[in-house]
Each structure stands twice: as C-alpha cells, then as structure tokens.
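K.L.:
Fold the following for me, if possible:
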Amino acid sequence: MDFELILSFLRQIKQNNTREWMEENKKLYLDARDEFVAITKYVIEEVAKFDPGLASLDPKKSIFRLNRDIRFSKNKDPYKTNFGAYMMEGGKKAGKAGYYLHLEPGNESFIAGGVYMPESDKLAKIRQEIDYNGKEFVSIISQNNFKSIFKTVEGDRLKRPPKGYLEDHPHIDLLKLKSFLVVHKITDEQVMKSDFPQFITATFKAMLPFNNFLNVALQEG
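P.N.:
Residues are numbered from 1 along each chain as shown. The predicted structure is shown next:
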C-alpha cells in the first residue's frame, strides 16, 4: 500500500487543479486511485472481522469521486484534493452509522465515523434512543480509550432544545446535535508510518460501540 504515491498525487492536483493537467497525468491519478482502492479493500476486510456487516462491501463503491460538484460553488476547481472512503453496511448511501477514511496532504487527513446530517426521521430516532438510553450512550463516549482517541462527539447543534425535549433534560447537549460524529486527525508523518493501515482499523474498532448504538436507534421502528 503506497501512501506516498497517494499523497504525492494529491499535492500535485492541489497545485494543478485543471482538467488539462489531469488529462496529461491520468496514469498518475489512476495509479493513486488504485492504491486507495487497495487500502480501502484491506480496511473493509479487517473491519469486517469485528463488524461483519461490512463483509460484502465493494471497495470501489465505497470511495468518493474525485470530481467536485461545482454547479453551486464559488470554487470552480474541478477536483477535490483528497481521497475519501465511507464504509457502512449496505453501502455508503445506506444512511447508517459507518466508518470514514480521509487522506489529504498538509496534515489534513483524518479518521471519522458516525452519522452526518441524518434525515429528520432518522435524527428523531437517534434522539429518542438517547432519551431512552442516554446513560448507555454517555458510558460509551466516556470510556478512557474512546476519549483519548476522539475526545468528544462532534456536529452542528441547535441553539434551543429540539421539539418534545426540555432544556433541563439530563442529555440535552447530545439531543441538540444535528450530526453525531467522532473524528481523529492524522498528520502526514503518521500516514507514512508502516503500521498506519493497522492504526486505521484499530481506530475504527474503538468507535464500534458508538456506531452500534446509533445503528440500533436507526433500525428501530
């Protein structure tokens, strides 16, 4: 798994973000993409050992396209400057809590998981599960190992309590979240370490109870 090839390509596309450059360097892109697919395949196989729902995932369908959607963006660069893969049971559009790998040079890489901006009905289910079983969720995110890796649950928050909940609810800070995410930032130096693939899967394993709680909520009803 050649992480240097991936970072090198991404550095170059950041400096030469044009369709003309991409056309002239398509082999470099394809080689870097193939490496990222291989990495994603390895991660899926390793994560499936403790989260079997991922076993049937196609790594090529788990990665995001490099092309940017520029229709409504002031930034008209045609390409992203990162490779990303989202791995979850049923595929990256299944709407469940999953695992995200983001590689971007300049110390912008990170490992993340959870649910990003769920639809209103799914968000309501998560909030209901926190309302019913908040102590369990707090216990998960308060574990020393979890906190040492992810620190806290991230996401945009409502300024006021969501409908049906009071400000004095014991878990109101969690109920105000509109996303439920955990993130671990990675430096370029860490990406280049020989054990980085194993570090990815170990980090994903640490978020398993967090994802399981969210997915139980999303399955109900």
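
K.L.:
Report the secondary structure element holding the nearest residue to Lys125 once chain neighbours are set aside.
P.N.:
Nearest non-adjacent residue to Lys125, counting by CB to CB, 6 or more residues apart in numbering: Ala217, 4.9 Å away. For the C-beta atoms, the positions are set from N, CA and C on the backbone; glycine is no exception. Secondary structure from DSSP states H and E places Ala217 in helix 208-219.

K.L.:
For that helix, enumerate the helices and strands it packs against.
P.N.:
When contacts are defined as 3 or more CB pairs under 8 Å, 6 or more residues apart in numbering; DSSP states H and E, helix 208-219 packs onto strand 109-115, helix 120-142.

K.L.:
Dump those into JSON lines; add mean neighbour count and distance to Val43 as well.
P.N.:
Listed next are the helices and strands packed on helix 208-219 as JSON lines, based on neighbours: other CB atoms under 10 Å; distance: least, CB to CB, whole Å:
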{"stretch": "strand 109-115", "mean neighbour count": "23", "distance to Val43": "10"}
{"stretch": "helix 120-142", "mean neighbour count": "16", "distance to Val43": "22"}
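
K.L.:
Any idea which of the ones you listed gets closest to Ala32?
P.N.:
strand 109-115 (14.3 Å; CB to CB).

K.L.:
send the alpha carbons of the closest one over as PDB?
P.N.:
These are the backbone C-alpha positions of strand 109-115, laid out as PDB (Å, rounded to 0.1, in the frame of the first residue of the first chain):
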ATOM      1  CA  SER A 109      -6.000  13.600   6.900                       C
ATOM      2  CA  PHE A 110      -8.500  12.100   9.400                       C
ATOM      3  CA  ILE A 111     -10.400   9.000  10.500                       C
ATOM      4  CA  ALA A 112     -14.000   9.500  11.400                       C
ATOM      5  CA  GLY A 113     -17.300   7.800  11.900                       C
ATOM      6  CA  GLY A 114     -20.900   8.100  13.000                       C
ATOM      7  CA  VAL A 115     -23.800   9.800  11.100                       C
END
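
K.L.:
now the angle from it to helix 120-142?
P.N.:
Here the directions of strand 109-115 and helix 120-142 differ by 120 degrees (axes from the mean of the first three to the mean of the last three CA atoms, to 10 degrees).

K.L.:
And the contacts of strand 109-115?
P.N.:
Contact with strand 109-115 is made by 82, 95-103, 122, 126, 153, 155, 179-188, 190-191, 200, 203-204, 207, 210-211, 214, 218, as judged by CB atoms under 8 Å, 6 or more residues apart in numbering.

K.L.:
Go through these and flag which are in helices.
P.N.:
Members of the contacts of strand 109-115 lying in helices (criterion: DSSP state H): Lys122, Ile126, Asp188, Gln190, Val191, Ile200, Thr203, Phe204, Phe210, Asn211, Leu214, Leu218.

K.L.:
burial measure for the last one, as a count.
P.N.:
Leu218 sits with 20 neighbouring residues when counted by other CB atoms under 10 Å.

K.L.:
ditto for the third one
P.N.:
The criterion is other CB under 10 Å. On that basis, Asp188 has 17 neighbouring residues.

K.L.:
Can we start the residue count at 13 from this point?
P.N.:
With 13 as the first residue, the last one maps to Asp200.

K.L.:
quick one: it from Pro71, how far?
P.N.:
23 Å (CB to CB, to the nearest Å).

K.L.:
Would you check that Lys217 makes contact with Lys61?
P.N.:
No - the pair Lys217 / Lys61 is not scored as a contact, 9.0 Å apart, by CB atoms under 8 Å.
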